[in-house]
Structures are given as C-alpha cells and as structure tokens.
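Visitor: Would you be able to build a 3D model of this:
(one chain, ligands or ions: 1)
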Amino acid sequence: MNCHVALRYLGEEKDWSVSQESRSQVLLAKLQQKAKEKQSLTGQKECLLQEPTVQQDLKKKRKAHKDSSQQPSLFKKQKSEVVPSYVWESDNHDEPIVISDFTLLKPLKSASSKYLLHVELLCLFWGLGSSAEGLPDAPVAVRHGQADKRDEEKTETENDTPKRTLEKTSAPSGFTILGGFEIKPIQKVHRVLPQWLAQPDVIHRDIKSNLVPISAIPGLSAQLIKKLQNNGIERFFPVQAEVIPAILESTQQGLLMGRGGYKPRDICVSAPTGSGKTLAFVIPVVQLLMERVVCEVRALAVLPTKELAQQVCKVFTSYTEGTTLKVVMLAGQRSFPAEQVLLSELRGGVRRSLADIVVATPGRLVDHINGTSGLCLEHLRFLIIDEADRMIDSMHHSWLSQVVNAVYRSGNGPEAVSIFRRTEPAHITATSLSSPQMPLQKLLFSATLTQNPEKLQQLGLHQPRLFSSIHGHSSSSSKNTTSAAPTQKQDRFDFPQGLTEYYVPCTLSKKPLLILHFILRMKLSPILCFTNSRETAHRKFLLFGGVHVAEFSSRLSPGERKKTLKEFEKGKIQLLISTDAAARGIDISGVKCVVNYDAPQYIRTYIHRIGRTARAGKAGLAFTFLLGVQVKHLYMGIPNVQIHFKGDNFTTGHSYPVSQSALSKMFSFTKLGDKVSSDGDRSRKPWDSKTDS
Ligand SMILES: Nc1ncnc2c1ncn2[C@@H]1O[C@H](COP(=O)(O)OP(=O)(O)OP(=O)(O)O)[C@@H](O)[C@H]1O
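Guide: Numbers count the residues shown, from 1 in each chain. Predicted coordinates:
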C-alpha cells in the first residue's frame, strides 16, 4: 500500500531524472516552506516536540545495524521503494517541520519517520498539501508497534542521518493508520463490584441465636400475627427480620410511591437454604395487599418448577386464609382452560379479575400472557422471582420481557390517557415524576444469587438493595464482621449452620453398599439421594431391595411426584432416589441425610442438593461419594469421612440383600475431622471449578 501511495505521489513529479534522494529533499523543503507559510498566515502558535532520547536510540540502532543494513529483506525491499522519497536529512531538521496542534500525536519513541511519511503521504494523496497545511479535523488514531519498529530500524540503517521530530497539527487527519500491532502485556483486571453488591445489608447466618419475636417487627396486623402463631411461628428468622421491614417500608407512603416519593428500590436476598426466605416475601406481600378494595393481580411469584410453585402457593394460601385475597397457581397442574377460569370472570359484560396473587412457572405464565385475555398485569405491584439465579438462566425464553410488556401495556396504547397510566421507567426527569404511577418492584430470592453484574443487569433492577449473609465469614480473619468489605471473589455462597458435610472416597461398585450402610447400620433414613440422570435414578431404584425406596424424576407424572413427596415426608419411604428435580427449594421436613450418589457438576447444584437437610436451623448430614479421579481434584473444602472396606466379598446383582452384621463387618467408619481449604473458603467445592449451572 505504501508502495502505491508513493508511486502516485511520484507520478506528480515532473522531473523523473531527479534522483530519489534529491526528490525527497525537494519535497521536504517544500513541506517546510509550506509549513512556514501556513504558520505565518494563521499566526498560530507552533509547537515543537523533540525527543533527544529518540535520537540517541537511533544512533545506537544505526551502529548495531551497520552491517545488517546491506542484507536484503522483505522490509528493506518495501522500504527501498518508498523511503527514498522521504529521507530526512539532518540539515532539514535544524528547523523541524511543525504540525501545529496535532494534539493526539504524542512524541512516541516508535513514532518514526515512517509514521510521518504516512501522514505526509496521506495528506499529499488527498491533495491537502503537507501536513503543515492543516489536516482534517477528525483525530488520528496512531498505531505503532513492532512492525513499525522493524521498519524504523530498516529505514534508519538505510539513511545515514535520520532525524525525527514529532509535531502537532491544528487539524488531525481522520485517517487510521493500520498495521504495526504491538503485543503488549495485558494488565490484570481487578473485579470491582457495584456498591450495592459489595456492601450488602447483613443477614446473620446463625438462625438459632438471632431469632426476632414477631411482635418486634412493626407494621404487621394482629390478624397476620395470629396466623403466624397458629402456624407455630413465634419468632422470625434473621432473613425475615431484615427483609420483611424493608418491603413494608417501601410502601409506607402507599402502593403508588416509595420512600420520599421515589420509585421503591428493588430487593435482592441471598441467604442459605432453609433460612426461611419464602416467608420473607409472603408475609409483607399479604400484609400490604390485605386492605385492597378491588381485586386485581398485584403480586406475581415466578418459580422454576411446578413443585416449587405448588409449595409457595400453599404458603400464600395459608396466610391469605380469612382475608379477601385470592391466590391462583399457573403451573400446569390443571388444564389451560381450567386455569383461565380461575383468573377472571365476566360480570355484566365486564371482565373482572379473580386473582390478587398469582404463583406461576415461567413457561405457563407466558402462555397465559399471550393466550388469556383475563390475565391483566397492568396493576402488578410486586414481581417476586424465587430461585432468581435459576430464573436468570432461563431468561433466554424471554419470560421477563413478556411480563414487563404486559405490565406496561396500558401506557403504550392510544387509550393511555388515564393519570394512572403506567409507562416503562426510563431516566428520572421532572416530567417522569410528575404523574404518579404504580411502580413495579422486583423481589429476588435465592441461596445462590449470582454476584455477576452482567447477569443481574438482565433483570433491569432499579436501585437494588442486597441482603446477604455471605460476608459474615467471607474472610477467615474477620469473624462475625458486620462491615461488608467489598469482595473480590465471584459468587460466594453460604451454607446452613447446622449442616455437616462429608465426602466419601469410593468406587462405583461400593456406592450401593454405602447407601445400605447408612440406612441399616447408621440409621440415617430418610435419605434423599441425588443422581445426575433420571436413568441412574431409575436403575438405583430397581437395584435397592430390602429397604423402602422410591424414585423422583421427570419419568413420573406430576401427580406421582406429588404423592411420592408426601409419602417421603410422612416417613413411609426410607430412601428417595432423585434427580435434580428435587434439588431446589423443595421443603421436606425430617430429611436427616442427603447423599450425592453422583457428585454434582456445579457448586450451585451442590448447595441446593445438600440444602434439603439442615433446614430451619436444624442439624443435617450431607455425604458426597467421590470416585478416585474426583478425589484427585479435591482440595480440602469439606470434612472428610473415609469408609474403609474390609473386604470385597459381597454379592453383586440387582439387589443387595445385605444384613446389618455383614455390613458392619465390611465397613469401618472414620471421621477425619473438619478440614477447611487453605483460603478458608468453604463455598468452593473441589470437583468442578465452574460456579454456574
Ligand atoms: N420463623 C420461622 N420459624 C419457624 N420455622 C420457620 C420460620 N420461617 C420459616 N420456617 C420454616 O423453615 C423451613 C424452610 O423455609 P423456606 O422453605 O422458606 O426456606 P428457603 O430459605 O426458602 O429455602 P430454599 O433456599 O431451600 O428454598 C420451612 O419449613 C418453614 O416453614
């Protein structure tokens, strides 16, 4: 390319007999002349930037390349066609060329004569005269690098007395000069969390010693307090004591505005499994909607699975009993038309909502948004996203954008003249604040809420406020600290206080025997046992004989799954073999022990699985079976129990009818103690470095 440009330029030269060297001198003289003329005309201040160190460098380089300059090379060849036209004679630099106000050009070491040649060539090519005559206004992005340097060296070896100056010009050229990309060491980027993530409101992890009497929370009606007491709740867990007042406070000035007349802040809660997050949103929502006059959908809770939706719906129903509030579930438990009937009715030709609180799975919810005219979300005040990290992962189904569109539907149509019309929030301006409108407040809950701002931004949170328990022991040096130091680690999670975790190194064939050992000898039943696939769950279900066993996976119909969970809760099933279908959110009281028959692939899956035990401040055990190769990748993140096999003389087949005495002969059980990883971070599990599921 340089070659082409040079030829075009040279084509304008009339006198072809002039040697290349003299042509360049002539050109240089011309340029200098023009620069002076320009300078005197405009009266602009000239700026001269000189680099003595560069000249010294060049001298050294010239010495080093004295001999090599005669060796042919690709660069040399290219240069030999271009450079001679622009040889910078030392004489010419007594008064260097000035390119005034060329502010973006710094006196760079590698801003060599070649660079200047580029600029000049481009100027001349576009008929701008010299660079001194003024370049176009746009800034020049100069890239210079190793290739430039190589070129520079070659150029300099060919020219006896190269001198360089770097100038400024009043108007940069606007051309990007390509090439010469330099490999620069990349600086390590330190993660800096937004303040709301780095400095959350503290939730105590220890449930038992931080209970708060329900009467100590202001704003709860006597009716609700009575309901709580009837359900056996006398004191709130720490997460409830923090979050319930925060949600109630956001509606202190009515449902239309938050504190100080502003839109209320969205709330994110990250607290361990079984810490009582469900009541943390059910109680304030019921309290705030209790006194509503007209029935409209004002709260929507979205959950990832049918079972979870059913569970949350049950809690809402329990606390709305005796009030006029109506709870409807849209999770596919009933047929689509049956769910439509529950949502609205036609009375006197007018459609009226029959639901105040809707609990839904995202898929079914979207179906209703698109297919049920009776589902109106234009009055929605609370959008509750439980298991929020999982719901973010399912965001590719765009359920959230469909919900938001349905919420602000009325504000977009021509009929949107009501003073209470809702418009999608944008930047806060005087106009946007002038008409009050029902705000949509998002409430996010999870035991493994991501701290990844990139993921969270998909939720479009408004001035979010985070309640978290993770920093309580985030640093091994700062125990029970309440000052939330910004954390550099991503996605740290917390575990229930009463949980004891173990891993058991074993082989594939010994896993079933271990389960029998837990049930028959250690009396740990009911055991919830997780496998990584429904096929494995089914095979293990067929394998175990002599114990009450059941399976739980998508192989079963929703009805069968519900029945199985009920029986397991009642203690009729000693061993429930499940896929991750039961890993999240499911609250089964009385689970003493969770076994990871197959080690989970992700830390989040691990946290949710083991969180099915040690709930509500109770004690629980979690065992993870690890094969040799998995143990290798293990660094001591969890306590270790090794079970030594005394012999391999057990039968194999479809079932293991092993007696207790036989088992006790086979195993000896040794607890090796509480080994915590070197960085004191128990939230990391060894078998996989991935933190996301
Ligand atoms: N204040 C309380 N007093 C007594 N029991 C409570 C209280 N709050 C909640 N519980 C009980 O604690 C158990 C766990 O509660 P919940 O299911 O809300 O936990 P969670 O934090 O949502 O767990 P996960 O993250 O696994 O979904 C439930 O059985 C619930 O009834």
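Visitor: I'd guessed residue 612 sits against residue 591; true?
Guide: Yes. Using Cβ atoms under 8 Å, residue 612 is in contact with residue 591, at 5.3 Å. All C-beta atoms are positioned from the backbone trio N, CA, C, and that covers glycine.
Visitor: Residues that sit against both of the two, list them.
Guide: Common contacts of residue 612 and residue 591 (Cβ atoms under 8 Å, 6 or more residues apart in numbering): residue 528.
Visitor: got the CA coordinates for the helix or strand containing residue 528 in PDB?
Guide: Per DSSP states H and E: residue 528 is located in strand 527-530. Extracted C-alpha coordinates of strand 527-530, given in PDB (Å, rounded to 0.1, in the frame of the first residue of the first chain):
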ATOM      1  CA  ILE A 527     -32.200 -40.300  53.000                       C
ATOM      2  CA  LEU A 528     -32.500 -38.100  49.900                       C
ATOM      3  CA  CYS A 529     -30.100 -39.500  47.400                       C
ATOM      4  CA  PHE A 530     -29.200 -37.500  44.200                       C
END
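Visitor: Counting by contacts, list what it packs against.
Guide: Strand 527-530 sits against strand 575-578, strand 593-596, with contacts defined as 3 or more Cβ pairs under 8 Å, 6 or more residues apart in numbering; DSSP states H and E.
Visitor: quick one: which of the ones you listed is nearest the ligand?
Guide: strand 593-596 (11.8 Å; Cβ to the nearest ligand atom).
Visitor: Check which helix or strand the nearest residue to residue 215 once chain neighbours are set aside maps to.
Guide: Leaving aside its sequence neighbours, residue 215 sits nearest to residue 225 (Cβ to Cβ, 6 or more residues apart in numbering; 6.8 Å). According to DSSP H and E, residue 225 maps onto helix 222-230.
Visitor: buried residues in that helix?
Guide: Residues of helix 222-230 classed as buried: 224, 225, 227, 228 (neighbour count, 16 or more other Cβ atoms under 10 Å).
Visitor: Check which element follows it along the chain.
Guide: Scanning forward in sequence from helix 222-230 by DSSP H and E, the next helix or strand is strand 235-236.
Visitor: elements contacting that following strand?
Guide: strand 212-213.
Visitor: What are the buried residues along the top helix by length along the chain?
Guide: In the chain, with assignment by DSSP state H, the single longest helix is helix 20-42. Within helix 20-42, the residues that qualify as buried are 20, 23, 24, 25, 27, 28, 31, 32, 34, 35, 38, counting by 16+ other Cβ under 10 Å.
Visitor: before we move on, what about stretch 563-582?
Guide: 564-565, 568-569, 573-582.
Visitor: Just the endpoints, please. Distance across that stretch?
Guide: The first and final residues of stretch 563-582 sit 13 Å from each other (Cα to Cα, to the nearest Å).
Visitor: and whichever strand or helix holds residue 551, what does it pack onto?
Guide: Secondary-structure assignment from DSSP H and E places residue 551 in strand 549-552. If you count contacts as 3+ Cβ pairs under 8 Å, 6+ apart, strand 549-552 packs onto helix 534-543, helix 558-570, strand 575-578.
Visitor: Compare those and report which one is nearest to the ligand.
Guide: Closest approach to the ligand among the helices and strands packed on strand 549-552 is made by helix 558-570 (10.7 Å; Cβ to the nearest ligand atom).
Visitor: So for stretch 218-235, could I get the coordinates as CSV, restricted to C-alpha?
Guide: C-alpha atoms of stretch 218-235 as CSV (Å, rounded to 0.1, in the frame of the first residue of the first chain):
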residue,chain,number,x,y,z
PRO,A,218,-43.6,-3.1,63.1
GLY,A,219,-46.4,-2.9,60.5
LEU,A,220,-47.8,-6.4,60.9
SER,A,221,-51.5,-6.6,61.5
ALA,A,222,-52.9,-8.5,64.5
GLN,A,223,-54.6,-10.9,62.1
LEU,A,224,-51.4,-11.9,60.4
ILE,A,225,-49.6,-12.2,63.8
LYS,A,226,-52.3,-14.6,64.9
LYS,A,227,-51.9,-16.6,61.7
LEU,A,228,-48.2,-16.8,62.2
GLN,A,229,-48.7,-18.1,65.7
ASN,A,230,-51.3,-20.6,64.6
ASN,A,231,-48.7,-21.9,62.2
GLY,A,232,-46.2,-22.3,65.0
ILE,A,233,-44.1,-19.3,64.2
GLU,A,234,-43.3,-17.2,67.3
ARG,A,235,-40.1,-15.7,66.2
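Visitor: Any residue of that stretch touching the ligand?
Guide: Yes. Stretch 218-235 lies within reach of the ligand by Cβ under 6 Å from any ligand atom, at 233, 235.
Visitor: got the contact list for that stretch?
Guide: Identification of contacts with stretch 218-235 by Cβ under 8 Å, 6+ apart yields 211-215, 244-245, 248, 279, 283, 286-287, 290, 318-319, 321-323.
Visitor: Emit the ChimeraX select command for whichever of these are buried.
Guide: Selection command for ChimeraX covering only the buried members of those, criterion 16+ other Cβ under 10 Å:
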select :211,212,214,244,245,248,279,283,286,287,290,319,323
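Visitor: hmm, back to that, please state the mean pLDDT value computed over the strand holding residue 551.
Guide: Taken as a whole, strand 549-552 has a mean pLDDT of 95.
Visitor: Let the chain start at 26 from now.
Guide: Will do, 26 is the new start, and the previous item becomes strand 574-577.
Visitor: ok, that strand: who's next to it in the sheet?
Guide: If you go by DSSP bridges, strand 574-577 pairs up with strand 600-603 (parallel).
Visitor: Could you check how far residue 376 is from residue 314?
Guide: With the distance defined as Cβ to Cβ, to the nearest Å, residue 376 ends up 20 Å from residue 314.
Visitor: Of these two, which one has the most company?
Guide: residue 314 (22 against 13; other Cβ atoms under 10 Å).
Visitor: ok, back up a step: same list, the buried residues of helix 247-255, but as CSV with pLDDT please.
Guide: Listed next are these as CSV, based on pLDDT from 0 to 100:
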residue, pLDDT
249, 95
250, 95
252, 95
253, 96
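Visitor: of all those, which two lie farthest apart?
Guide: Pairwise distances across these (Cβ to Cβ) peak at 7.3 Å, for the pair 250 and 252.
Visitor: Contact distance from the ligand - what residues of the stretch 326-475 of the chain qualify?
Guide: Residues of the stretch 326-475 of the chain lying near the ligand by Cβ under 6 Å from any ligand atom: residue 472.
Visitor: Find the closest residue to the ligand in the stretch 326-475 of the chain.
Guide: Residue of the stretch 326-475 of the chain nearest the ligand, by Cβ to the nearest ligand atom: residue 472 (4.1 Å).
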